[in-house]
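> Generate coordinates for the sequence data below:
(chains A, B and C)
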Amino acid sequence: MPAYATNMRLKFPILALILEIITIILYAVFVTYDDGKGHGHEHNTNHTAKPMELYPMFQDVHVMIFIGFGFLMTFLKKYGFSSVGINLLLAAFGLQWGLLMQGVWHMDHGKIKVDVFKMINADFSTATVLISFGAVLGKTSPVQLLIMTILEITIFSINEHLVANTLGASDVGASMIIHAFGAYFGLAVARVLYRPGLRNGHENDGSVYHSDMFAMIGTVFLWMFWPSFNSAIAESGPEQLTAVINTYLSLAACVLSAYAISSLVEHKGKLDMVHIQNATLAGGVAVGTCADMNIQPFGAMLIGVVAGIISTLGFKYLTPVLASNLGIQDTCGVHNLHGMPGILGGLAGIVAVALGKKDGGFATMQAAALASSLGFALIGGAITGLIMKLPVWGQPPDQNCFDDSIYWEVPEADEESDGSLAPADHSKNKTEA
Amino acid sequence: MPAYATNMRLKFPILALILEIITIILYAVFVTYDDGKGHGHEHNTNHTAKPMELYPMFQDVHVMIFIGFGFLMTFLKKYGFSSVGINLLLAAFGLQWGLLMQGVWHMDHGKIKVDVFKMINADFSTATVLISFGAVLGKTSPVQLLIMTILEITIFSINEHLVANTLGASDVGASMIIHAFGAYFGLAVARVLYRPGLRNGHENDGSVYHSDMFAMIGTVFLWMFWPSFNSAIAESGPEQLTAVINTYLSLAACVLSAYAISSLVEHKGKLDMVHIQNATLAGGVAVGTCADMNIQPFGAMLIGVVAGIISTLGFKYLTPVLASNLGIQDTCGVHNLHGMPGILGGLAGIVAVALGKKDGGFATMQAAALASSLGFALIGGAITGLIMKLPVWGQPPDQNCFDDSIYWEVPEADEESDGSLAPADHSKNKTEA
Amino acid sequence: MPAYATNMRLKFPILALILEIITIILYAVFVTYDDGKGHGHEHNTNHTAKPMELYPMFQDVHVMIFIGFGFLMTFLKKYGFSSVGINLLLAAFGLQWGLLMQGVWHMDHGKIKVDVFKMINADFSTATVLISFGAVLGKTSPVQLLIMTILEITIFSINEHLVANTLGASDVGASMIIHAFGAYFGLAVARVLYRPGLRNGHENDGSVYHSDMFAMIGTVFLWMFWPSFNSAIAESGPEQLTAVINTYLSLAACVLSAYAISSLVEHKGKLDMVHIQNATLAGGVAVGTCADMNIQPFGAMLIGVVAGIISTLGFKYLTPVLASNLGIQDTCGVHNLHGMPGILGGLAGIVAVALGKKDGGFATMQAAALASSLGFALIGGAITGLIMKLPVWGQPPDQNCFDDSIYWEVPEADEESDGSLAPADHSKNKTEA
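Numbers count the residues shown, from 1 in each chain, chains lettered A, B, ... in the order given. Model prediction:
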């Protein structure tokens, strides 16, 4: 395969180590602990008085990022190592980079002062990359993905600053600035990296029974902790409680509509695991922007029901069309889980603000925020895709897509029940490596 | 199979959507956010001052409901999708319904005001259904189970109100009102739905190696977070700490006795995964009623040891007898994990209150609470079972029991190690659906 | 096999029940609830005022002990039941024993008063055993391991008291007193139990695809909650926040170096799951001693990068040498994850204290603490190993190592895709047991 230099032996270690060294130097110059005396805490005024108050919420978000996103993508039959392993790599680098990129807008005497609030936001910034990762899952090398991480988080931080500070728009659960942004960024990358050779599918682009079970670990942890995601950076007190309640109820309602539509559109009324794994979460995405607004519990539930419906229908009818007609091969269907529900969330936010559900909000600014997020995502994703397309980053050839073995040492698929393994050939023996 | 209309294509979506729409209408009329000004907070007086104080405990309980119960039931070799998937469906609907059913007893100016405390109780109400689900696992359709959810939570809420408010009994960890209630309700349903055709077992009514590993995820999360379950609605302060300590120690002691008895009764002294997955949790069930009482750490440990013994012995000797002699086919053995330990908990509570371990408690009221919980469970379960037995709800025929494929699109069992899959036939390809 | 009495039917139940009964008697005499009036809270002065303040941190640590350690060891292809199951057994007994052994140094009017702080420390004490368990995984019986638990926690508690109270050394994240101690204790035991018959490896001493996925559940939960491990018993306030930030950043940096070195040393630049599962955690171990010191974020990241490098190199080059030249067969490679990074943490602590990063610390006392921990570990482990080597504890013969079926009822390896199972022979049917 002369056209594909997929051996990572030098490229990947050198890139990873150089990135980490540069990051450490930047931290040495710019980053210190929060001493509780700073300013710049626009979002949450009392968290410096109790520095650990948000820590349980941080840990919930942390679980969503590393277990939730990581295992959600393990549904592919031969791509579990990459899904959870590269998820860990990208998020671990992304949070370091995100803390810098977000911190430059809020420096205090030339320093970025780390606290739990900033750690939550750093984790948030990685979510955009992990969403985009879902669109290109199985078709990109670790080197390409590290490059995407740097660029996407940098662009995200600019858009986030614009939306939150310049426009003054409200997006507490980040329907627009994380979910829609991450999805359309990833779809733009996927479009640029279009592979005609996968037009008719790929034998490994599907699940097996156990991989679907692993994916459910991701689904359920995301589902459970989404109220923390949407409320973590809300004003403490009643607004935070409102964000929790709205998200809790939107997700619960979304489950019913996702299951109902899945059964309605499938052969013989059977449920489809793809829908259950993903569309049940759309309610969390779609209620994000108005999570802390006074939309009332039934309003949140309505948003959840609608999100579950459009997400499931998207998986069934839209994803194949995007692949065949527009050349957008969206491995995880992020358009259905994060894209459309993210836009729905942005639109719901415009309506809610227009109806006066958020003190001091402007519907025009909400609309501008949605437009900005989509614009940055599509243009940023397209440029990033072009950079990723350079033939030096070790992108896998079509036939090796969706297969861990191109970048990982992979043991046998499973024990054989007769125990007749030849020891030396098959077993991966740690002490004899 | 003319006698079995298991195609869910219309029944299930219509039922699920109608239930959700009715629920949203009821929420629009009756449910709003807690504004911190209400009354009716009998259990926990200071939680409105700090609306998020109980949130970490809520999330622990949430994990028990959705990961704990869901994965605990994945031990069956071909029923993992249903176990974790239908668990999510029932709990998501159940918490919405439970919040209504529990809320009607505590309305404030005609409104149910949602706060974290009510969310915890809503999650609790679903636990009864998930326990009963264990008794009928593999033998019921999603439609039947949604019907069970509505009825069981409604009956639970009446009994809970009677026990807590009319009788004034103490049951902080819900040994009686959740565990015993849920178990005997489910056993009554299972009795009514008795299947003579499964008298000699079923090839799919058992585990494989990996399904037992998935089940251990459920076991361990339940085990770890049980102190939160038993203390979440305790009076904050020393009583809550007492509930945590008692549950922590009861569970730890229970592990030793469950392992010891499992080895003692099994062939060649080997451990049985069924016992380890379940009986190690019996200490959490049995210490529930007296969790916040001054029973001292060694008292909690004694309860745990006894619970581990009777639960393991129940799995070994009682479950087969119930199935063969009484026609009660208890798939998960909920009688051993929730039923007998729940009664043990109720009895321990009577003794503890009689010994003065709870200020202001009456042993007679404790006994009445236990009797009420069992009575509501058995009668309510029997009636519910009769309704579920109507031949229109898509109940699976005997030969399709314990098999996901009757209600789910199921991919191949596992990748084949030679990689010789025919792409079009086997792979479940999302983009080509 | 006359030389191996591996039937546990009497030995194991009797030992387990006797240990539990003795423990309960000791609790009845010595243990009660914390009433908030005691003294002896050297580490954390205000936690009695808010008895539940540390509870979320406790639960994070709890998850690390039971899910983290338990699933991390499930990587072996046929040893998942034992890994997660015996982990539960040892930790459940160990926390009861640890609470006693640690409590005797802090008694109040003849009583050990339990609170959340003591529960965290009890969980910590079990971590030493679980680390040592990793060194001897697959080669020891449950009876041997229970004996190791009693002895190791007892010795740990003496060393911990010496380090913290007599020497006054600082080790907030326990790099020395837990990680280095547990690793070298386990390695000493492994040396005494050296098996020449496994010199050339064992067919079951390796992973399969799914077992590596289960292990990643353990890895990721350990990785996420490590900031809680390192900060749980820090002074509340800024020092606790510092411990969280340092650990968060050290772990993130460690991921990059572990991935880079794994790719650099492996065939064709591929990543090795053994490294990813383990070396990504070394940053949490190594930053432990100085977690609450003012080493600045970049200092924490440097420690993480170095830890990731030496840990990965250790797995690749040192573990085979230890096995072949020194007779130390370290199943999980605890020397690379806990041993060397633990020493690195101790050395970093000496340097940090010498540089004045901890008020009131003495570098000589830090050095003495490291020496004490290593000395107690090696001598204690050797003696414990000799006791465990007595031929009456049911140690498995070489050919049955790394195989659950010697101590567990094990179902078939996996469902067969053609569904042609003979029901009576293969299925483990609960109701027909």
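> Near chain C, which residues of the stretch 151-300 of chain A are found?
A:209-210, A:214, A:217 (Cβ under 8 Å from any Cβ of the partner chain). The way it works is simple: take the backbone N, C-alpha and C, and place the C-beta from them, glycine included.
> farthest pair in those residues?
Greatest spacing in those, by Cβ to Cβ: A:209 and A:217 (14.2 Å).
> Contacts only, for the residue in chain A that chain B sits nearest to.
The minimum distance from chain A to chain B, using Cβ to the nearest Cβ, falls at residue A:269 (2.9 Å). For residue A:269, the contacting residues are A:263, B:7-13, by Cβ atoms under 8 Å, 6 or more residues apart in numbering or on different chains.
> What residues of stretch A:193-207 count as buried?
Of all the residues in stretch A:193-207, those buried under the rule 16 or more other Cβ atoms under 10 Å in any protein chain shown are A:193-195, A:198, A:201-207.
> Residue A:111 against residue A:32, yeah?
Yes: with contact defined as Cβ atoms under 8 Å, residue A:111 counts as touching residue A:32 (5.1 Å).
> Settle it for me: which of the two has more neighbours?
Legend: neighbour count by other Cβ atoms under 10 Å in any protein chain shown for residue A:111 and residue A:32, higher for residue A:32 (19 against 16).
> ok, whichever strand or helix holds that one near chain C or not?
For residue A:32, the element it lies in under DSSP states H and E is strand A:31-33. Yes: residues of strand A:31-33 are located near chain C by Cβ under 8 Å from any Cβ, namely A:31-33.
> List the contacts of that strand.
So strand A:31-33 is contacted by A:99-100, A:103, A:111-115, C:238, C:241-242, C:245, C:294, C:296-298 (Cβ under 8 Å, 6+ apart).
> Which of the residues you listed fall in strands?
Using DSSP state E, the members of the contacts of strand A:31-33 that fall in strands are A:112-114.
> Chain C next: which of the residues you listed are close?
Answer for the ones in strands among the contacts of strand A:31-33 near chain C (Cβ under 8 Å from any Cβ): residue A:114.
> closest to chain C among the ones in strands among the contacts of strand A:31-33?
residue A:114 (5.1 Å).
> Show me the helices in the stretch 101-250 of chain A, by range?
For the stretch 101-250 of chain A, applying DSSP state H, counting those that start in this stretch gives helices covering A:116-136, A:142-161, A:181-192, A:209-231, A:238-265.
> Next, the angle helix B:116-136 makes with the last one.
Helix A:238-265 and helix B:116-136 meet at an angle of 30 degrees, taking axes from the mean of the first three to the mean of the last three Cα atoms, to 10 degrees as the criterion.
> Helix A:238-265 relative to helix B:142-161, how many degrees between them?
Using the same axes, to 10 degrees: helix A:238-265 against helix B:142-161 is 150 degrees.
> what angle separates the one helix or strand residue A:383 maps to from helix A:142-161?
In this assignment (DSSP H and E), residue A:383 forms part of helix A:363-388. Relative orientation of helix A:363-388 and helix A:142-161, computed by the same axes, to 10 degrees: 160 degrees.
> Paired strands for the helix or strand following helix A:363-388, with orientation please.
Downstream of helix A:363-388, the next assigned helix or strand under DSSP H and E is strand A:408-409. Applying DSSP bridges, strand A:408-409 is found paired with strand C:271-272 (parallel).
> returning to that earlier point: just curious, which of the residues of strand A:31-33 next to chain C is nearest to chain C?
residue A:31 (4.8 Å).
> distance of the closest one from residue A:136?
From residue A:31 across to residue A:136, the span is 31 Å (Cβ to Cβ, to the nearest Å).
> Check residue A:160 too.
22 Å.
> List the buried residues in stretch A:75-82.
So stretch A:75-82, judged by 16+ other Cβ under 10 Å, has buried residues A:75-82.
> What of stretch A:249-266?
So, applying 16+ other Cβ under 10 Å, buried residues of stretch A:249-266: A:249-266.
> looking only at pLDDT, what's the mean for it?
Taken as a whole, stretch A:249-266 carries a mean pLDDT of 97.
> any idea how far stretch A:373-388 is from the chain center?
16 Å (Cα atoms, centre = their mean, to the nearest Å).
> Can you give the contact residues for it?
In contact with stretch A:373-388 (Cβ under 8 Å, 6+ apart) are residues A:132, A:140, A:144, A:147-148, A:151-152, A:155-156, A:158-159, A:163, A:176-177, A:180-193, A:343, A:346, A:395.
> Now for the closest residue to chain C within the stretch 1-150 of chain A, how many residues are close by?
Using Cβ to the nearest Cβ, the point where the stretch 1-150 of chain A gets nearest to chain C is residue A:9, with a distance of 3.0 Å. Neighbour count for residue A:9, taken as other Cβ under 10 Å: 15.
> my read: it touches residue C:262, true?
No: counting by Cβ under 8 Å, residue A:9 stays clear of residue C:262, with 10.8 Å between them.
> Give me the pLDDT for residue A:139.
Residue A:139 is given a pLDDT of 97.
> Ignoring the adjacent residues along the chain, who's closest to the residue most central in space within chain A?
The residue lying closest to the centre of chain A (Cα atoms, centre = their mean) is residue A:131, at 3.0 Å. Using Cβ to Cβ, 6 or more residues apart in numbering or on different chains and skipping the chain neighbours, the partner closest in space to residue A:131 is residue A:182 (3.1 Å).
> my guess is residue A:186 contacts residue A:136, does it?
Yes: using Cβ under 8 Å, residue A:186 is in contact with residue A:136, at 6.4 Å.
> In terms of neighbours, single out the busier of those two.
The neighbour comparison of residue A:186 against residue A:136 (other Cβ under 10 Å) goes to residue A:186, with 34 against 25.
> so what's residue A:173 up against?
A:229-231, A:243, A:247, A:284, A:287-289, A:291-292, A:345.
> neighbours around residue A:211, how many?
Neighbours of residue A:211 using other Cβ under 10 Å come to 24.
> Hmm, it is touching residue A:73, no?
No: using Cβ under 8 Å, residue A:211 is not in contact with residue A:73, being 10.0 Å away.
> still on that earlier bit, tabulate the contacts of residue A:173 in TSV, adding columns for distance to residue A:26.
Shown next, in TSV, are the contacts of residue A:173 (distance: Cβ to Cβ, whole Å):
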residue	distance to residue A:26
A:229	27
A:230	31
A:231	31
A:243	33
A:247	35
A:284	33
A:287	36
A:288	30
A:289	32
A:291	33
A:292	33
A:345	33
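> just curious, which of the residues you listed is nearest to residue B:368?
residue A:247 (39.5 Å).
> For the closest one, grab the count of nearby residues.
26.
> remind me which residues of chain A are low pLDDT?
A:1-4, A:38-49, A:413-433 (pLDDT under 70).
> do that again at 80, thanks
A:1-9, A:37-49, A:267, A:412-433 (pLDDT under 80).
> What separation is there between the residue nearest to the centre of chain A and residue A:157?
16 Å.
> that older thread, excluding residues flanking it in the chain, which one is nearest the residue of chain A closest to chain B?
Using Cβ to Cβ, 6+ apart, the closest residue to residue A:269 is residue B:9 (2.9 Å).
> which residues touch that neighbour?
A:263-264, A:266, A:268-269.
> then the helix or strand that contains residue A:89 to PDB, C-alphas only?
Using DSSP H and E, residue A:89 sits in helix A:80-103. In PDB, the C-alpha atoms belonging to helix A:80-103 read as follows (Å, rounded to 0.1, in the frame of the first residue of the first chain):
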ATOM      1  CA  GLY A  80     -13.800  -0.800  20.400                       C
ATOM      2  CA  PHE A  81     -10.200  -0.100  21.300                       C
ATOM      3  CA  SER A  82     -10.100   2.900  19.100                       C
ATOM      4  CA  SER A  83     -13.500   4.200  20.200                       C
ATOM      5  CA  VAL A  84     -12.700   4.200  23.900                       C
ATOM      6  CA  GLY A  85      -8.900   4.600  23.600                       C
ATOM      7  CA  ILE A  86      -8.700   7.400  21.100                       C
ATOM      8  CA  ASN A  87     -11.600   9.100  22.900                       C
ATOM      9  CA  LEU A  88      -9.400   9.100  26.000                       C
ATOM     10  CA  LEU A  89      -6.400  10.400  24.000                       C
ATOM     11  CA  LEU A  90      -8.300  13.200  22.300                       C
ATOM     12  CA  ALA A  91     -10.200  14.300  25.500                       C
ATOM     13  CA  ALA A  92      -7.000  14.200  27.600                       C
ATOM     14  CA  PHE A  93      -5.200  16.400  25.100                       C
ATOM     15  CA  GLY A  94      -8.300  18.500  24.400                       C
ATOM     16  CA  LEU A  95      -8.900  19.500  28.000                       C
ATOM     17  CA  GLN A  96      -5.400  20.800  28.300                       C
ATOM     18  CA  TRP A  97      -5.700  22.700  25.100                       C
ATOM     19  CA  GLY A  98      -9.200  23.900  25.800                       C
ATOM     20  CA  LEU A  99      -8.300  25.300  29.200                       C
ATOM     21  CA  LEU A 100      -5.700  27.400  27.500                       C
ATOM     22  CA  MET A 101      -7.900  28.500  24.600                       C
ATOM     23  CA  GLN A 102     -10.900  29.400  26.800                       C
ATOM     24  CA  GLY A 103      -8.600  30.900  29.400                       C
END
